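1. sharing a model prediction with you, sequence too.
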Amino acid sequence: MDELMEFLEELHPDVDFETCDTLIDDGILDSFDIITIISEVADMFDVTISAEYIVPENFNSAQALYELITYLEDEG
Amino acid sequence: MIQHVIDYLGFGVDIEHDFNTILFIDKDRQISWGEFQQEVAAAALSLVEKGYRGQPVAVIAEHSVDTLAWYLGVLASGNYYVPINPDIKEDKFEKIKSIAGIELVCRGGIDTLQQVPAGELESVFCRLREIYSNLPDTLPMYIIFTSGSTGDPKGIVKTHQGMVSFTDAYIREFGFDRSTRLGNQTPFYFDASAKDIFTALKVRCPMHILDSRLFLTPLALGEYIRDNQINTIQWVPSALSILSRLKVLSKVDLSTLQKVLFVGEVFPPKQLKIWMDALPQTEFINLYGSSEMSGICTFYRIKELTGEQNVPMGYPLSNSQVYLIDDGQLVTEPDKVGELYILSDALAAGYLKDEERTAAVFTRRPLADLPEGTYYRSGDLAKYGAAHELIFVSRRDYQIKHMGHRIELGEIESVTLGIPGVEKCCCLYRDSKIILFFEGSIDKAELSRQLRERLLPYMIPNKLTAMESLPLNANGKVDRTQLLNQ
């Protein structure tokens, strides 16, 4: 989780990823950010987030994203 | 006699015919040709009542039907519009207002205006025609602001004549008709969106105004295209790459797409290949244009991918002629680089209140044996290939002198993009060093080896910098300024 937080804060230093749970709903992350996150997560956790998981619920908060990664790790 | 866009599109004349044909669909509603004429009339009347005539009107360009009703309503009232990005910073907007002399700003809320019943359309447009047809021919159609190199916004003056000339040539070339179903991605404050808007209005085909949030959920985006049987998309490569990179093309059958047109930047060859492999029956067309004209001026129908070379710019659209000039000489033979000059009815009238800058790039014929007319000096360097197709080389500004050699940074970029494992790259020149930023799975050592095999020694970058992702500007293009300042 720490590693993920560090990366997200670097991507958007202006956002408080600890508390924000409307990253998609409020348009904080754009489609280019999503691509960056997906390729970074692939390197960091060796996890592929495929298209069916790219939905607002999974990207609205750092916590939700982390839970998705953990779920996919267990799956894989 | 210059044709006004409102007349060209048949507003208030061709009322009954197509009345119920669906024209625009946004995330909240859809509107037919008949209803759209009613909304345009309502928007126009509201401006006439306020006493606006022959003036600039800013329209906050949300991605909605309302924005389009304002654009056309502004034109029908004898004014011209200035598209504004909804996320614009206040100080920049103030600058634009003062340069253009804007007093009125419109945003959404078409439903709050006094409605015009269908039965009154003919008489209302008759009244409006009295107004707009008696204004000078030199009145702009709209003004698009881009950020100038000095940091001050630069207004480009677009003409009615240019839009009519382009739209006619474009529709003829690509055979757009009532069976076309457009999926619009480009925001309405980008000039590139005019290709979608005016094609839809002229041929009266449906245009889906794709919610920008769909691009955050790529699978839903693919399903939307499939379920609505969208058959034509004209997007920037960055937007197309979202579907290919996130492997949507292998999950959703997008074979309804007949034409995929792209414009604005180089399509990373690897992503284009994924698209072409997934959709073998689809036509892929590379477009080249400039903000200093309406629409585009060259196009290339891609037959096959040749791997290492950029997709050509191709051949001129029927309303334009293009010439390559180097050192006061016309370039006609293959492989020799020249600067691209455009002669076209679709050229912009120039830069707003900046005669000096206008005169610098909108010139009389540059060589005595070329046809008469105004030419736009594009600042882009290009060459001819074996089939006399134009091939983009680089921006003139990206041509550098390094250790006594004239080098095109764009050529280094194009070679780099042909190396497996490179997704994106950007080449800059700083402090007498060639610096290459890249993104992809390849490591520095391997990239360095590959470059040495493919480039002349003096062209090999002095420094390689791997990046998670290259910074992009608001247009989705690599942000060179940000990289230069790193």
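-> Yep, it's here.
2. what are the buried residues along stretch B:431-446?
-> Buried residues in stretch B:431-446, counting neighbours by 16 or more other CB atoms under 10 Å in any protein chain shown, are found at B:I434, B:I435, B:L436, B:F437, B:F438, B:E439, B:G440, B:I442. For glycine as for every other residue, the C-beta is placed from the backbone atoms N, C-alpha and C.
3. what secondary structure does the first one sit in?
-> Okay, so that is B:I434. strand (DSSP: H, G, I helix; E, B strand; the rest coil).
4. the most centrally placed residue in chain A is in what secondary structure piece?
-> Geometric centre of chain A, nearest residue: A:L65, 4.3 Å, by CA atoms, centre = their mean. Assigned by DSSP states H and E, A:L65 belongs to helix A:62-75.
5. just list what that helix packs against, helices and strands only.
-> Secondary-structure packing of helix A:62-75 (3 or more CB pairs under 8 Å, 6 or more residues apart in numbering or on different chains; DSSP states H and E): helix A:2-11, helix A:31-45, helix A:56-59.
6. helix, strand, or coil at the residue most central in space within chain B?
-> Closest to where the C-alpha atoms of chain B average out (CA atoms, centre = their mean) is B:A192, at 2.5 Å. The three-state label given to B:A192 by three-state DSSP is helix.
7. surely it touches B:E265?
-> No: assessed by CB atoms under 8 Å, B:A192 is found out of contact with B:E265, at 10.9 Å.
8. any shared contact partners between the two?
-> Overlap of the contact sets of B:A192 and B:E265 (by CB atoms under 8 Å, 6 or more residues apart in numbering or on different chains) consists of B:V236.
9. top helix in chain B by residue count?
-> When chain B is scanned for its longest helix (criterion: DSSP state H), the result is helix B:33-49.
10. got the buried residues for that helix?
-> Buried residues in helix B:33-49, counting neighbours by 16+ other CB under 10 Å, are found at B:33-48.
11. need the next SSE after that helix, C-terminal direction.
-> On the C-terminal side of helix B:33-49, the nearest following helix or strand under DSSP H and E is strand B:56-60.
12. partner strands of that next one and their direction?
-> Using DSSP bridges, the strands paired with strand B:56-60 in its sheet are strand B:80-84 (parallel), strand B:104-106 (parallel).
13. residues making contact with it?
-> Applying CB under 8 Å, 6+ apart, the contact partners of strand B:56-60 are B:47, B:67, B:70-71, B:74, B:79-84, B:86, B:96-97, B:100-102, B:104-108, B:140, B:143.
14. turn the buried ones among the residues you listed into a named ChimeraX selection, would you?
-> For the buried members of these, the matching ChimeraX selection, counting by 16+ other CB under 10 Å, is:
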select /B:47,67,70,71,74,79,80,81,82,83,84,96,97,100,102,106,108,140,143
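15. got a list of what B:K158 touches?
-> Residues in contact with B:K158 (CB under 8 Å, 6+ apart) are B:P140, B:M141, B:Y142, B:I143, B:I144, B:D191, B:S294, B:A348, B:A349.
16. what do you get if the cut-off is 6 Å, keeping everything else the same?
-> B:M141, B:Y142, B:A348 (CB atoms under 6 Å, 6 or more residues apart in numbering or on different chains).
17. who in the stretch 151-300 of chain B is up against chain A?
-> Along the stretch 151-300 of chain B, the residues adjacent to chain A under the rule CB under 6 Å from any CB of the partner chain are B:F215, B:L216, B:T217, B:P218, B:L219, B:I242, B:L246, B:K247, B:V248, B:K251.
18. now do 10 Å
-> B:212-222, B:238-239, B:241-243, B:245-252 (CB under 10 Å from any CB of the partner chain).
19. the closest residue to A:T22 other than its chain neighbours - how many residues pack around it?
-> What sits nearest to A:T22 in space, not counting adjacent residues and going by CB to CB, 6 or more residues apart in numbering or on different chains, is A:N60, at 6.0 Å. For A:N60, the count of nearby residues is 19 (other CB atoms under 10 Å in any protein chain shown).
20. isn't A:N60 up against A:I28?
-> Yes: at 9.4 Å, A:N60 counts as touching A:I28 under the criterion of CB atoms under 10 Å.
21. what do those two both touch?
-> A:C20, A:T22 (CB atoms under 10 Å, 6 or more residues apart in numbering or on different chains).
22. on that earlier part again, if we only consider the buried residues of stretch B:431-446, which is nearest to chain A?
-> Nearest to chain A among the buried residues of stretch B:431-446, counting by CB to the nearest CB, is B:E439 at 8.6 Å.
23. now for the closest one: which residues touch it?
-> A:36, A:39, B:268, B:422-426, B:466-470, B:478.
24. name the member of the residues you listed with the most neighbours.
-> B:C425 (26 neighbours).
25. those strands in the stretch 151-300 of chain B, which residues are they?
-> All strands of the stretch 151-300 of chain B, identified by DSSP state E, counting those that start in this stretch, fall at B:153-158, B:182-184, B:207-209, B:232-235, B:259-262, B:283-289, B:296-301.
26. parallel or antiparallel, list what pairs with the second one.
-> Next to strand B:182-184 in the sheet, as set by DSSP bridges, lie strand B:207-209 (parallel), strand B:232-235 (parallel).
27. any chance of these in JSON lines, plus mean neighbour count?
-> JSON lines is the format used below for these (neighbours: other CB atoms under 10 Å in any protein chain shown):
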{"stretch": "strand B:207-209", "mean neighbour count": "25"}
{"stretch": "strand B:232-235", "mean neighbour count": "24"}
